[in-house]
Each structure stands twice: as C-alpha cells, then as structure tokens.
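Undergrad: Let's see this in three dimensions:
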Amino acid sequence: MKLGLQLGYWGAQPPVHHAEIVRAADESGFDAIFTAEAWGSDAFTPLAWWGRETTNVRLGTSIVQMSGRTPTSIAMHALTLDHLSGGRMVLGMGVSGPQVVEGWYGVPFAKPLARTREVVDIIRQVLRREGPVTNAGPHYPLPYGGEGSVGLGKPLKSITHPLRDDLPIWLGAEGPKNVAQTAEIADGWIPIFYTPKSAGMYQPWLDEGFARPGARRTRETFEIAATCHFQVVADAAEKQVVVDAMKPVVALYMGGMGAKEANFHNQVFVRMGYESLAAEVQELYLAGKKDQATALIPDDLVDDMHIIGTAGEVKERVAQWEETGVSTLMLSLHTPEEVRAVAELLG
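TA: Residues are numbered from 1 along each chain as shown. Alright, predicted model coming up:
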C-alpha cells in the first residue's frame with residue numbers, strides 16, 4: 001500500500017513547515033503529497049510551490065471544489081501542473097456542500113451527481129484534445145448561449161497540448177449513488193471515514209459502478225485513497241490520550257459540518273450504524289454544546305476510523321486497511337521526523 005502525505009488546507013495563517021515535510025516525503029518513499037481547500041487557501045498553488053523541488057512524489061488535490069471554478073479552468077490548472085511536474089499530477093475533485101457552494105461561491109448546489117459527470121467529461125475532452133470542447137448539458141453549457149449571452153461564444157481547443165490525456169481523476173464521494181458514479185467515471189476514489197469495519201458497506205456501490213457499460217476502470221486498476229490519523233504510541237494509556245484528542249474532530253464532522261438538513265458527513269455515520277448517536281451529537285453540537293457532543297463519541301469508533309497503537313499494532317491495522325482495497329493511506333504528519341519514521345516502519 002502506498003503512502004500519501006496530506007497537507008490539507010491552511011488555517012488562519014500559512015504553515016511554516018511544509019517545505020521540510022514535503023522534502024522528507026519525497027526522499028522517504030512516499031507516493032504522493034496532497035493539498036486541500038475549504039474557504040481560504042486554494043489547493044493548486046501550494047502544490048506548485050511546495051512541489052517544485054520534488055522529483056518522486058505525485059502531486060494531488062484532495063480535494064478541489066468543483067463549484068469554485070469552471071470545468072475548463074480546472075483542466076487548465078491540472079494540465080499546467082502536470083507539465084511542470086513531469087507527469088505527476090493527480091486531480092482530486094469533489095462537490096463540497098450547499099453551505100460552501102451557495103454561501104461562498106454563490107452558485108447553485110442542486111444536481112451534484114449530474115454536475116460531476118459534466119465536469120469530468122469536459123475535463124477529459126480538454127485533456128484528449130481531439131477537437132473543440134463542447135457540452136450540451138444544462139449545468140456547464142459550452143459554448144454558452146443562455147441569459148446574458150452576446151451570441152459570440154466559440155468552441156475552443158486547448159492551445160497547450162496536455163502532457164497526458166489520461167491524467168488521473170479521483171473523486172470525493174460519500175453516498176451510494178455518488179460512490180457508484182465514481183467507480184464508473186473516475187480513476188480513483190477519495191472516501192471520507194472509510195474504515196475496515198465500514199468497508200463492506202461500500203463494496204456493492206463500487207461494484208455497481210464497475211459493472212456499468214463504458215466504466216473506465218476495474219476494481220484491480222481503481223485507486224482508493226483513504227485518510228486517517230496515524231500515530232505510534234508506547235502503551236494503552238498513551239493511546240487513550242490520542243483517542244480522546246481525536247474525539248472533537250469526529251464530533252465536528254458528525255454534528256457540525258453542514259446544516260441539520262444537509263450534513264452529508266452525518267449521513268455517512270448513519271450508514272455506518274450510528275444513527276441514534278449521530279442524531280444526538282448533531283443536536284448537541286448545533287445547540288452549541290460541543291463538549292457534551294464530544295463526550296458521546298465512543299472509543300471504538302475513533303479506533304476504527306484511525307490507526308493508533310504500538311508499532312506492531314499499527315502494522316497489523318495497516319494490513320487490515322489494505323485488505324479492504326485501500327491502495328493509498330493519506331496521512332497528516334507534522335514533522336520531517338514523523339514522515340521518516342512512518343516510512344521506515346511501513347516501508
């Protein structure tokens with residue numbers, strides 16, 4: 001199983017140590033580095049900046065919010081970075097959620113599956129460069145001829161010849177229909193809260209996508225890049241400290257990421273079998289009772305979602321994740337020493 005370094009998105013200030021940990025990942029055998037975006041820093045610029053001195057790692061977005069750019073703009077970013085990196089770009093995309101899409105980008109969130117299909121198709125047209133890019137779909141019509149159009153839109157073909165016409169596209173997906181569509185049209189999947197215990201839930205959804213006519217990949221050639229917190233501890237007491245420290249993050253995603261009527265992360269926990277817990281945590285969290293919500297998160301759930309234990313225990317856990325089909329573990333590590341230690345332990 002390959003290792004990915006998840007740099008994430010910036011907080012209130014830019015990170016001060018990413019150059020060193022990226023260099024360590026590149027030198028230690030990591031397969032890729034990944035960047036993310038929310039409503040602050042973007043995902044493409046750090047890849048270009050931190051990745052400029054790397055030679056080995058793939059450069060991935062995990063994830064780019066599709067509503068933040070037009071499909072052809074996303075394709076321009078991807079093909080440019082692919083050239084600059086010598087063919088190491090991985091384009092990870094997702095639909096985000098209605099609070100961000102409509103509140104930050106000011107565009108409609110409706111029909112996320114149909115929009116995703118159009119975005120992927122347009123990007124692939126750009127990369128193939130077989131002719132001018134057109135799209136008859138209702139979400140991203142090319143050329144545009146709707147309200148406000150001056151009627152002069154012209155189908156265009158990329159001036160720059162893409163380095164690869166099969167640049168890998170991975171999609172973030174959570175629900176059954178979205179996961180099935182991802183298996184059909186994408187090269188890889190970036191799940192959230194994928195765990196050994198929940199892995200079986202996803203297999204029929206993936207199989208449905210692989211079985212569709214024209215599916216791009218098979219299970220054997222499809223990549224699954226799962227994110228978890230990875231930490232080696234000395235004993236059970238230290239593990240408990242780490243588990244307790246992770247509970248506020250779980251509570252945030254279960255209860256506070258999105259509106260009550262549209263929290264897709266909450267629905268993942270419901271499908272995992274935590275329906276009553278997810279409802280109670282959400283009610284408390286949205287009422288401002290974050291500490292009470294956090295106190296409800298069970299140890300077993302955190303232990304399933306992450307890889308925390310002694311050196312021998314984490315190696316066993318990594319093997320369990322790999323057995324479920326995970327091809328890449330995305331890890332958030334904070335120092336070059338951590339990066340090198342993980343590479344040595346799992347190499």
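Undergrad: Counting neighbours, what do you get for Glu174?
TA: 19 (other C-beta atoms under 10 Å). Yep, even glycine has a C-beta here, placed from its N, CA and C like the rest.
Undergrad: May I ask which helix or strand encompasses it?
TA: Following DSSP states H and E, there is no helix or strand that holds Glu174.
Undergrad: what's the residue nearest to Asp235 when sequence neighbours are not counted in contact with, if anything?
TA: What sits nearest to Asp235 in space, not counting adjacent residues and going by C-beta to C-beta, 6 or more residues apart in numbering, is Thr310, at 7.2 Å. If you count contacts by C-beta atoms under 8 Å, 6 or more residues apart in numbering, Thr310 has them with 232-235.
Undergrad: what's the burial count for His161?
TA: Around His161 there are 10 residues (other C-beta under 10 Å).
Undergrad: following the worst-scoring helix or strand of the chain on mean pLDDT, which helix or strand comes up?
TA: The weakest-scoring helix or strand in the chain, judged by mean pLDDT, DSSP states H and E, is helix 264-271 (a mean of 82). As assigned by DSSP H and E, the chain's next helix or strand after helix 264-271 is helix 275-286.
Undergrad: Show me the protein divided up by domain.
TA: According to automatic domain parsing, the chain comprises the domains 2-230+311-346, 234-309.
Undergrad: Could you tell me the least trusted of those domains?
TA: With a mean of 89, domain 234-309 has the lowest mean pLDDT of the domains of the chain.
Undergrad: Helices along this protein, start to end?
TA: Under the criterion DSSP state H, the chain contains helices at 18-28, 44-50, 71-84, 98-103, 112-128, 176-185, 199-211, 236-251, 264-271, 275-286, 290-295, 299-305, 311-323, 336-346.
Undergrad: nearest to Trp10, of these?
TA: Nearest of the helices of the chain to Trp10, taken as C-beta to C-beta: helix 44-50 at 8.1 Å.
Undergrad: what residues are up against the spatially most central residue of the chain?
TA: Closest to where the C-alpha atoms of the chain average out (C-alpha atoms, centre = their mean) is Ser62, at 3.8 Å. Contact partners of Ser62, counting by C-beta under 8 Å, 6+ apart, are 4, 6, 34-36, 43, 92, 170, 172, 190, 225, 227, 330.
Undergrad: mind running it again at 7 Å?
TA: 6, 34, 36, 92, 190, 330 (C-beta atoms under 7 Å, 6 or more residues apart in numbering).
Undergrad: Next: Arg58.
TA: Here Arg58 is in contact with 31-32, 88, 90 (C-beta under 7 Å, 6+ apart).
Undergrad: Glu147: neighbour count?
TA: With other C-beta under 10 Å as criterion, Glu147 counts 5.
Undergrad: same thing with the one 10 residues further on?
TA: The criterion is other C-beta under 10 Å. On that basis, Lys157 has 13 neighbouring residues.
Undergrad: and the nearest residue to it once chain neighbours are set aside, backbone torsions?
TA: In space, and not counting its chain neighbours, Lys157 is closest to Pro132: 5.0 Å by C-beta to C-beta, 6+ apart. Here is the backbone geometry of Pro132 (degrees, to the nearest 10): phi -60, psi 140.
Undergrad: Looks like Pro132 contacts Ser158 (just checking).
TA: No. If you go by C-beta atoms under 7 Å, Pro132 and Ser158 don't touch, sitting 9.7 Å apart.
Undergrad: Show me which of these two is the more surrounded one.
TA: Taking other C-beta under 10 Å, Pro132 and Ser158 do not tie; Ser158 has more neighbours (17 against 13).
Undergrad: one step back: show me what contacts the residue nearest to Lys157?
TA: 155-157.
Undergrad: what's the spacing between it and Leu142?
TA: As judged by C-beta to C-beta, to the nearest Å, Pro132 and Leu142 stand 9 Å apart.
Undergrad: in stretch 293-303, what counts as buried?
TA: Buried residues in stretch 293-303, counted by 16 or more other C-beta atoms under 10 Å: 293-294, 296-297, 301-303.
Undergrad: Can you lay out the contacts of Pro132 as TSV showing distance to Gln99?
TA: Output for the contacts of Pro132, formatted as TSV (distance: C-beta to C-beta, whole Å):
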residue	distance to Gln99
Pro155	35
Leu156	34
Lys157	37
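Undergrad: For the residue nearest to the centre of the chain, which non-adjacent residue is spatially closest?
TA: Phe34 (3.9 Å).
Undergrad: ok, now how distant is that neighbour from Trp50?
TA: Taking C-beta to C-beta, one finds Phe34 at 11 Å from Trp50.
Undergrad: Check Gln65 too.
TA: Gln65 is 20 Å from Trp50, by C-beta to C-beta.
Undergrad: likewise Gly92?
TA: Counting by C-beta to C-beta, the gap from Gly92 to Trp50 is 16 Å.
Undergrad: if we can go back for a sec, identify the contacts common to Pro132 and Leu142.
TA: With C-beta under 7 Å, 6+ apart as the test, Pro132 and Leu142 both reach Pro155.
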